[in-house]
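**Student:** prediction below, plus the sequence it came from.
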Amino acid sequence: MTVVARDGDAGAAAGASRPAAVTRLFASMAGLDTLSKIWWTCLSIGLFAGIWELCWAFGWADPKLLPPPHIFLGNIAEQGKFFNTATRWQVGQSMNAAPSAFESVMITVGATTMRVFAGLVIASVLAISIGVMVRYWHVFDRLVLPTITLLSPVSPIAWLPVAIFMFGIGNAPAIFMVVVALFFHMVLATISQIDNVSPNLINVARTMGATKRQIYARVIVPAILPGMLAVLRLNLFGAWMVVLIAESTGVGYGMGQVIMLARNTFNPSLVFFTIAVIGVLGFTFDWLLRLAQRRILYWLPDTKEKLRVL
Amino acid sequence: MSSDRAPTFSSKDAVVCRGVGKIWAAGTKRAHEALRDIDLDIQPGEFVVFIGPSGCGKSTLLYLISGLEDATEGQIWSFSDKVETPSPDRSLIFQETSLFPWLTVWQNVSFGLAIRGASQAERRAVAAEALQRVGLSAAIDKRPDELSGGMRQRVAVARALAMRPKVLLMDEPFAALDVQTRARMQDFLLDVWRDSGASVLFVTHHIDEAVALADRVVVFTARPGRIKTVFPIVLPRPRNLFSREAEAIRIQLTELLRDEVDRAFAEQEALAATA
Ligand SMILES: Nc1ncnc2c1ncn2[C@@H]1O[C@H](COP(=O)(O)OP(=O)(O)OP(=O)(O)O)[C@@H](O)[C@H]1O
Ligand SMILES: [Mg+2]
């Protein structure tokens, strides 16, 4: 391939082809890096599953209570029947009628994921706006902050009845639960991020005659973005936990409902299968968010790399 | 006393300080007097260097003149306007690097123009010109974290120049540079200063730098900073820093400073002993 390129461009191109070659090398290294990451992820999960399987093989883990992965992953078609239960009941269909097991799993997973996603987006937008407003207007600070601080230690469980009173059954109460579980912490996190913006950066903008609005838009918001994305990633897992609680208490169909069904019918295989699905979903979300983080925060140095070589 | 302080300055003076004092955290338990009784007149186009022991309030005075902080005593004028808020006419280059990490070099340099709503083409043109003056044309599209410390500081200088200020306040801008680079930066700064006609107030710990640059050197006492002496340097420019006259000035400035640094240390030790 290199030979072809050299023939085609000749002479002058020899110099230019070197950076291209370097870029290609880096690209292939990045590819290797991803591969090795996948490999380590598989190894980590494989190790965990392997220990579990061993315990089963030695008879230490009772397959009726702690069924190992090959059992609870082995009969997906069977498990799938329990998914999407609510819709089936709603339309009065029998267990064996459509949709298929796979479709049921997808519908349930889709519903739960959508709730988590909607909750995260609404909570982040609300929390960042309110946090910025608290610092922007002193009156707003004094008027709103005490209430937010007062409500932030309240467990999401306590909001559950409120969610049902206000929104009844369906998507709305589940999304509300996710929002309420994240919102207060994220407001406080936003405020503390703003307070930690380097005063020098703000002063630079001030000496150049920036107005308060310009300072917020051009300095403070970009400066707090890295911290806010980190907060969002931490809260992502919180959102997954809360959505299950909301769904399990009759707020509608979804993964939480399946877990409750498994508990009530004493079906450990179904419990572990659902846990596995939630794990994969959470992992994927986190990975997507990390990708977005690297895209948006292109200017941040990679400290992790430096820690690795220590 | 106060009648002496009536504004008897010429309204064309670039910076005028009358009885300026600063107490940080005034009125609290942590109140801390940084500056006392500063009287200073700086002419348009004058190059003034501040030297003094660490912690004597040199940076504080630049903050006050820039308008970022308010004086607790006295008043400051610049070109007959009272200094109350920051103004693009007075650019401050900070002691620590202060580039926006999320902007490229040229976006950093033209930040002030972006605030005024200039078009992208205009901003890039101004940035390119300012970067050329600091010898960083090649770095125009880089990000700050890809530059060395000295390069970042030069970008900060370019950013200040892009505002075409009447007063350039520089807080130890070349402290992090090696001797050779610093010498080149001094030459370049003198060129820029001559072209722009701005007054420069320049803080340094290097007496060599003061001798190379200053029309007048202001020597501060240990904290609370007061003006100990204002020392004119009348060497012709471009200066021969190895001449006997330059050497004599260096020795004089070193002596003036030594007493104050000794006093600053004695005071800090006394404070540590009581604590
Ligand atoms: N933002 C601040 N809040 C409270 N005290 C401050 C603040 N900035 C400076 N000080 C205090 O004011 C005094 C003067 O500080 P300043 O930074 O002006 O000194 P400096 O002469 O610039 O010192 P150096 O040469 O080390 O930079 C110091 O004692 C410092 O502790
Ligand atoms: Mg200082």
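**Tutor:** Sure thing, it's come through. Numbers count the residues shown, from 1 in each chain, chains lettered A, B, ... in the order given. Ligands and ions are numbered 1, 2, ... in the order given.
**Student:** all contacts plus neighbour counts: C-alpha atoms, from now on.
**Tutor:** Fine.
**Student:** list the contacts of residue 207.
**Tutor:** Using chain A here. With contact set as Cα atoms under 8 Å, 6 or more residues apart in numbering or on different chains, A:Thr207 has these partners: B:66, B:68, B:86-88, B:90-92.
**Student:** I was thinking of chain B, sorry if that wasn't clear
**Tutor:** The contact partners of B:Ile207, by Cα under 8 Å, 6+ apart, come to B:51, B:250, B:253-254.
**Student:** likewise for B:Thr60?
**Tutor:** B:Thr60 neighbours (Cα under 8 Å, 6+ apart): B:22, B:34-35.
**Student:** please compute how far the top helix by length along chain B lies from its chain's middle.
**Tutor:** Across chain B, the longest stretch assigned as helix under DSSP state H is helix B:244-274. Taking Cα atoms, centre = their mean, to the nearest Å, one finds helix B:244-274 lying 20 Å from the centre of the chain it belongs to.
**Student:** tell me the buried residues in that helix?
**Tutor:** Neighbour counts over helix B:244-274 (16 or more other Cα atoms under 10 Å in any protein chain shown) mark B:246, B:249-250, B:253, B:256-257, B:260-261, B:263-264 as buried.
**Student:** same thing with stretch A:111-130?
**Tutor:** Buried residues in stretch A:111-130, counted by 16+ other Cα under 10 Å: A:111-113, A:115-120, A:122-124, A:126-128, A:130.
**Student:** what residues does the stretch 101-250 of chain B put near chain A?
**Tutor:** B:101-102, B:112, B:115, B:143, B:145, B:163 (Cα under 8 Å from any Cα of the partner chain).
**Student:** still on that earlier bit, which other helices and strands contact the longest helix of chain B?
**Tutor:** Other helices and strands packing on helix B:244-274, by 3 or more Cα pairs under 8 Å, 6 or more residues apart in numbering or on different chains; DSSP states H and E, are helix B:207-213, strand B:216-220.
**Student:** which elements pack onto the last one?
**Tutor:** Meaning strand B:216-220. On the basis of 3+ Cα pairs under 8 Å, 6+ apart, strand B:216-220 makes packing contacts with strand B:47-51, strand B:227-232, helix B:244-274.
**Student:** which among the ones you listed is found nearest to A:Ala181?
**Tutor:** The closest of the helices and strands packed on strand B:216-220 to A:Ala181 is helix B:244-274. By Cα to Cα, the value is 48.9 Å.
**Student:** domain map for chain A?
**Tutor:** Under automatic domain parsing, the residue ranges defining each domain of chain A are A:1-61, A:72-308.
**Student:** closest one to ligand 1 among those?
**Tutor:** Closest of those to ligand 1 is domain A:72-308, at 9.6 Å (criterion: Cα to the nearest ligand atom).
**Student:** can I get the contacts of B:Thr60 in TSV including neighbour count?
**Tutor:** As requested, the contacts of B:Thr60 are arranged in TSV below (neighbours: other Cα atoms under 10 Å in any protein chain shown):
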residue	neighbour count
B:Lys22	25
B:Ala34	21
B:Leu35	28
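**Student:** of those residues, which ones also sit close to ligand 1?
**Tutor:** The subset of those within reach of ligand 1, by Cα under 6 Å from any ligand atom, is B:Ala34.
**Student:** which one of the contacts of B:Thr60 sits closest to A:Gly50?
**Tutor:** Taking these together and measuring to A:Gly50 by Cα to Cα, the closest member is B:Ala34, at 67.1 Å.
**Student:** quick check: closest non-adjacent residue to the closest one.
**Tutor:** B:Pro224 (4.7 Å; Cα to Cα, 6 or more residues apart in numbering or on different chains).
**Student:** quick one, phi psi at A:Phe58?
**Tutor:** Main-chain torsions, A:Phe58, degrees, to the nearest 10: phi -80, psi 0.
**Student:** show me the buried residues of stretch A:111-130 that map onto helices.
**Tutor:** Judged by DSSP H, the subset of these located in helices is A:111-113, A:115-120, A:122-124, A:126-128, A:130.
**Student:** what residues does the one residue in the stretch 51-200 of chain A that gets nearest to chain B make contact with?
**Tutor:** Using Cα to the nearest Cα, the closest approach of the stretch 51-200 of chain A to chain B is made by A:Asn200 at 6.0 Å. Applying Cα under 8 Å, 6+ apart to A:Asn200 gives the contacts B:94, B:98.
**Student:** pass me the low-pLDDT residue ranges in the stretch 51-200 of chain B, would you?
**Tutor:** Within the stretch 51-200 of chain B, not a single segment meets pLDDT under 70.
**Student:** picking up where we left off before, deepest of the helices and strands packed on helix B:244-274, which one?
**Tutor:** Compared across the helices and strands packed on helix B:244-274, strand B:216-220 shows the largest average neighbour count, a mean of 23 (mean count of other Cα atoms under 10 Å in any protein chain shown).
**Student:** A:Pro161 belongs to a helix?
**Tutor:** Yes. According to DSSP: H, G, I helix; E, B strand; the rest coil, A:Pro161 belongs to a helix.
**Student:** can you pull the pLDDT of it?
**Tutor:** For A:Pro161, the model assigns a pLDDT of 88.
**Student:** and what of A:Ser36?
**Tutor:** Model confidence at A:Ser36, given as pLDDT, is 84.
**Student:** ok, it to chain B distance?
**Tutor:** Separation of A:Ser36 from chain B (Cα to the nearest Cα, to the nearest Å): 28 Å.
**Student:** list the contacts for that residue?
**Tutor:** Residues near A:Ser36 by Cα under 8 Å, 6+ apart: none.
**Student:** pretty sure it sits in a helix.
**Tutor:** Yes. Checked against three-state DSSP, A:Ser36 lies within a helix.
**Student:** need the CA coordinates for stretch A:258-277. PDB is fine.
**Tutor:** Extracted C-alpha coordinates of stretch A:258-277, given in PDB (Å, rounded to 0.1, in the frame of the first residue of the first chain):
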ATOM      1  CA  VAL A 258     -40.300  -8.000  36.300                       C
ATOM      2  CA  ILE A 259     -38.200  -8.100  39.400                       C
ATOM      3  CA  MET A 260     -41.300  -7.800  41.600                       C
ATOM      4  CA  LEU A 261     -42.900 -10.600  39.600                       C
ATOM      5  CA  ALA A 262     -39.900 -12.800  40.000                       C
ATOM      6  CA  ARG A 263     -39.900 -12.100  43.700                       C
ATOM      7  CA  ASN A 264     -43.600 -12.900  44.100                       C
ATOM      8  CA  THR A 265     -43.300 -16.100  42.100                       C
ATOM      9  CA  PHE A 266     -40.000 -17.100  43.600                       C
ATOM     10  CA  ASN A 267     -38.100 -17.200  40.400                       C
ATOM     11  CA  PRO A 268     -34.400 -16.700  41.100                       C
ATOM     12  CA  SER A 269     -33.400 -17.300  37.400                       C
ATOM     13  CA  LEU A 270     -35.600 -14.400  36.400                       C
ATOM     14  CA  VAL A 271     -34.100 -12.200  39.100                       C
ATOM     15  CA  PHE A 272     -30.600 -12.800  37.900                       C
ATOM     16  CA  PHE A 273     -31.600 -12.600  34.200                       C
ATOM     17  CA  THR A 274     -33.100  -9.100  34.900                       C
ATOM     18  CA  ILE A 275     -30.000  -8.100  36.900                       C
ATOM     19  CA  ALA A 276     -27.800  -9.100  34.000                       C
ATOM     20  CA  VAL A 277     -29.900  -7.100  31.600                       C
END
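**Student:** hang on, B:Asp70 packs against B:Leu62?
**Tutor:** No. With contact defined as Cα atoms under 8 Å, B:Asp70 does not reach B:Leu62; the gap is 11.1 Å.
**Student:** can you tell me which residues in the stretch 201-310 of chain A are near chain B?
**Tutor:** Neighbours of chain B within the stretch 201-310 of chain A, by Cα under 8 Å from any Cα: A:201, A:203-210, A:214, A:219, A:222, A:297-301.
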